[in-house]
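J.: Would you be able to build a 3D model of this:
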Amino acid sequence: MKRILRLVSIAFLLVVFCVACAKKEVVKKQPVVPQQQPKQETTVQEKAKPAPQKPQPISTEQVKAAPVISLPMLYKVKKGECLWKISSYKEIYNDPFMWPLIYRANKDKIKDPDLIYPGQVFNIDRMYTESQKNSAIHFAKTRGKWSLFDGK
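T.: Numbers count the residues shown, from 1 in each chain. As a prediction, this is how the structure comes out:
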């Protein structure tokens, strides 16, 4: 008797599930056709416009005078953050696996890379080589399970 009740209840649940999924309505949106604007007559001045000029190469004076978008050199830790999260920010490194670069630049401030505290201010290394970047990424990927930091 218990088996029959189980089978009936399972069958009932399957039917309810199938009916609920089948009742979802798919609303097809009509494509929006842009309205055509009436053509304007071209004037003599528009016809006499010169052809667009090719861009000129930029001189070094123009490069020096151009505004530089600066990336932060310091970062203040907020509650709930870790080196992984900080290095994943777009303005920092945009790659969470590069957290060892932050750790190496701040070894005097960080005793354990797994324990950082709100209010700490870290230097962000912007002058790293490709080999340092690859080394940091390799270290982050092969570090292993979390444990108390042993300095390796």
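
J.: in the chain, which spans are strands?
T.: For the chain, the strands defined by DSSP state E cover 74-76, 121-123.

J.: Figure out which of the ones you listed is closest to Asn134.
T.: strand 121-123 (20.8 Å; C-beta to C-beta). Every C-beta, even on glycine, is put in place using the N, C-alpha and C of the backbone.

J.: Could you list the buried residues of that closest one?
T.: Of all the residues in strand 121-123, those buried under the rule 16 or more other C-beta atoms under 10 Å are Phe122.

J.: Show me what it packs onto, helices and strands only.
T.: strand 74-76, helix 99-105 (3 or more C-beta pairs under 8 Å, 6 or more residues apart in numbering; DSSP states H and E).

J.: Burial-wise, tell me which of those comes out on top.
T.: helix 99-105 (a mean of 21; mean count of other C-beta atoms under 10 Å).

J.: Turn the helices and strands packed on strand 121-123 into TSV, columns for distance to Gln132.
T.: Compiled in TSV, the helices and strands packed on strand 121-123 are given as follows (distance: least, C-beta to C-beta, whole Å):
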stretch	distance to Gln132
strand 74-76	18
helix 99-105	7
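
J.: could these be laid out in TSV, adding mean pLDDT and distance to Lys111?
T.: Formatted as TSV, these follow (pLDDT from 0 to 100; distance: least, C-beta to C-beta, whole Å):
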stretch	mean pLDDT	distance to Lys111
strand 74-76	89	18
helix 99-105	92	11
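
J.: Minimum distance to Lys90: which of these has it?
T.: strand 74-76 (12.7 Å).

J.: Pull the number of nearby residues for Ala136.
T.: 23 (other C-beta atoms under 10 Å).

J.: And the spatially closest residue to it that is not a sequence neighbour, how far from Arg3?
T.: Distance criterion C-beta to C-beta, 6 or more residues apart in numbering; nearest residue to Ala136, sequence neighbours excluded, is Pro100 at 3.9 Å. Using C-beta to C-beta, to the nearest Å, Pro100 is found at 59 Å from Arg3.

J.: ditto for Asp108
T.: 70 Å.

J.: can you check His138 too?
T.: 58 Å.

J.: more crowded one of the two?
T.: His138 (12 against 7).
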